[in-house]
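Asker: structural data only, the sequence is not supplied:
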Ligand SMILES: Nc1nc2c(ncn2[C@@H]2O[C@H](COP(=O)(O)OP(=O)(O)OP(=O)(O)O)[C@@H](O)[C@H]2O)c(=O)[nH]1
């Protein structure tokens, strides 16, 4: 089961994941951020890859925050358990010393990290998942080397693909033409993410923290940005797919060319006009995630559930979902459910036809 409908997310501490390829400017940005009032009582977790904890020393100059450095390996592959342990230890230490509880957490990943497993850990680790909720993923892209890095490194594409916001750094090093080429390249991978230009880490903290999830529904539309994606709808009345057809959909021949690393980022928005019965939603997502979960980098949705006044915000990474967050009625005024899928090579038809499969008229 991928969804649990009855968890209260209101009191969870927001977590921002700061990602971006090696040298993209994460530490430079973090050093500026930690001096701003919005970062008061923040916990900063830095994942250094290798022996030299230089990043740690830079950020630790600020005494307003607790900084935890994790240097035993890459956060995304070797030390996921350490993330939970380190955050837990930091929380306990603050409590012991009678300090303020953390207001938020910023996790700076290594430049080589695929962020999906880190988001996964936040959702699946029992201790973390009961105390923290993902606020957003911010990805930094070096304006000078961005395109060549994206072409050469799968991790870099994944970082861009799952981001809620893209920060184009080192814009002082490139001309307008190069910058706009990078912007188009990034928009092709992640059409919804807002792009901001940053020089030498100068950016208001509000653009990094507390800006991504619908948070009480105020910014639901801005969070989903459904209109940025190619739109697909259920293909009602067609026969449900055969297992053979599903296999074909999972390795589509059309769409953007595969990169050297076999990555084929495809994103689209699936809209459903009628309210969705909760059991259909659950069965559909269950089957979808068990068949294609490892190819689905991220899902965001605002869903109108049949028989329920408040729409729900859904938010998933691979086959794991955050507890759905109830939104105010205004967040889905037209009653249309919208699901944004960011995938590695999943054809929209795989999603739509599986949905059709669960429609009552066809189940017979
Ligand atoms: N010219 C210029 N240099 C920058 C800018 N932002 C960062 N740098 C420089 O780029 C280099 C890398 O920046 P970092 O902040 O260490 O990058 P990082 O993403 O933390 O790097 P890793 O820890 O290797 O992943 C440093 O020498 C920075 O001073 C910028 O806007 N313009």
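Answerer: Happy to help now that I have it. Note that the structure is a prediction, hence the values are computed from the model and not measured. Numbers count the residues shown, from 1 in each chain.
Asker: any idea which residue of the stretch 151-300 of the chain lies closest to the ligand?
Answerer: residue 170 (3.8 Å; CB to the nearest ligand atom). C-beta here means a position set from N, CA and C on the backbone, and glycine is covered the same way.
Asker: with adjacent residues omitted, what lies nearest to residue 300?
Answerer: Nearest residue to residue 300, sequence neighbours excluded (CB to CB, 6 or more residues apart in numbering): residue 340, at 4.7 Å.
Asker: the residue of the stretch 151-300 of the chain closest to the ligand reaches residue 202, doesn't it?
Answerer: No: using CB atoms under 8 Å, residue 170 is not in contact with residue 202, being 11.9 Å away.
Asker: out of the two, which sits in the busier spot?
Answerer: Shown here are residue 170 and residue 202; by other CB atoms under 10 Å, residue 170 has more neighbours (21 against 9).
Asker: low-confidence stretches in the chain?
Answerer: Low-confidence segments of the chain (pLDDT under 70): 1-10, 47-81, 211-222, 235-263, 318-319, 360-364.
Asker: for it, what spans make up the strands?
Answerer: Along the chain, the stretches classed as strands by DSSP state E are 13-20, 42-47, 66-70, 104-108, 132-142, 165-169, 194-198, 230-232, 265-272, 296-303, 312-317, 320-321, 325-326, 337-344.
Asker: which positions in this structure make contact with the ligand?
Answerer: 20, 22-28, 55, 111, 169-170, 172-173, 199-201 (CB under 6 Å from any ligand atom).
Asker: quick one: buried ones out of those?
Answerer: 20, 23-28, 55, 111, 169-170, 201 (16 or more other CB atoms under 10 Å).
Asker: between the residues you listed, which is nearest residue 84?
Answerer: Proximity of these to residue 84 (CB to CB) peaks at residue 55, which lies at 20.8 Å.
Asker: before we move on, back to that, from residue 321, how far off is the residue nearest to the residue of the stretch 151-300 of the chain closest to the ligand when sequence neighbours are not counted?
Answerer: Nearest-residue entry for residue 170: residue 143, 5.0 Å, with adjacent residues in sequence omitted and distances by CB to CB, 6+ apart. Separation of residue 143 from residue 321 (CB to CB, to the nearest Å): 34 Å.
Asker: between those two, point out the one with more neighbours.
Answerer: residue 143 (24 against 19).
Asker: got a list of what the more buried one touches?
Answerer: Listed by CB atoms under 8 Å, 6 or more residues apart in numbering, the contact partners of residue 143 are 168-171, 173-174, 178-179, 182, 197.
Asker: mind giving me the ChimeraX command for buried ones among those residues?
Answerer: The buried subset of these, as determined by 16+ other CB under 10 Å, is captured in ChimeraX by this line:
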select :168,169,170,171,174,179,182
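Asker: inside helices: which ones of the contacts of residue 143?
Answerer: Using DSSP state H, 178-179, 182 are the members of the contacts of residue 143 that sit in helices.
Asker: for residue 15, state which of the residues you listed is nearest.
Answerer: residue 182 (27.7 Å).
Asker: helices along the stretch 151-300 of the chain, start to end?
Answerer: 154-161, 176-189, 220-224, 243-250, 278-292 (DSSP state H, counting those that start in this stretch).
Asker: circling back: show me which pair in the buried ones among the residues of the chain next to the ligand is furthest apart.
Answerer: 55 and 170 (17.4 Å).
Asker: burial count for the residue nearest to residue 187 when sequence neighbours are not counted?
Answerer: Using CB to CB, 6+ apart and skipping residues adjacent in sequence, the residue nearest residue 187 is residue 195, 7.5 Å away. Around residue 195 there are 16 other residues, counting by other CB under 10 Å.
Asker: residues in contact with residue 195?
Answerer: 165-168, 183, 186-187.
Asker: how near is it to residue 351?
Answerer: With CB to CB as the criterion, residue 195 and residue 351 are 26 Å apart.
Asker: over to residue 93?
Answerer: 45 Å.
Asker: comparing those two, which shows the higher neighbour count?
Answerer: Neighbour totals were compared for residue 93 and residue 351, and residue 351 leads with 23 against 12 (other CB under 10 Å).
Asker: from residue 291, how far out is that one?
Answerer: Going from residue 351 to residue 291 by CB to CB gives 10 Å.
Asker: ok and the residue in the stretch 101-250 of the chain nearest the ligand?
Answerer: Closest approach between the stretch 101-250 of the chain and the ligand, counting by CB to the nearest ligand atom: residue 111, at 3.3 Å.
Asker: residues contacting that residue?
Answerer: Counting by CB under 8 Å, 6+ apart, residue 111 has contacts 20-24, 26, 49.
Asker: mind doing that once more with 6 Å?
Answerer: 21-22 (CB atoms under 6 Å, 6 or more residues apart in numbering).
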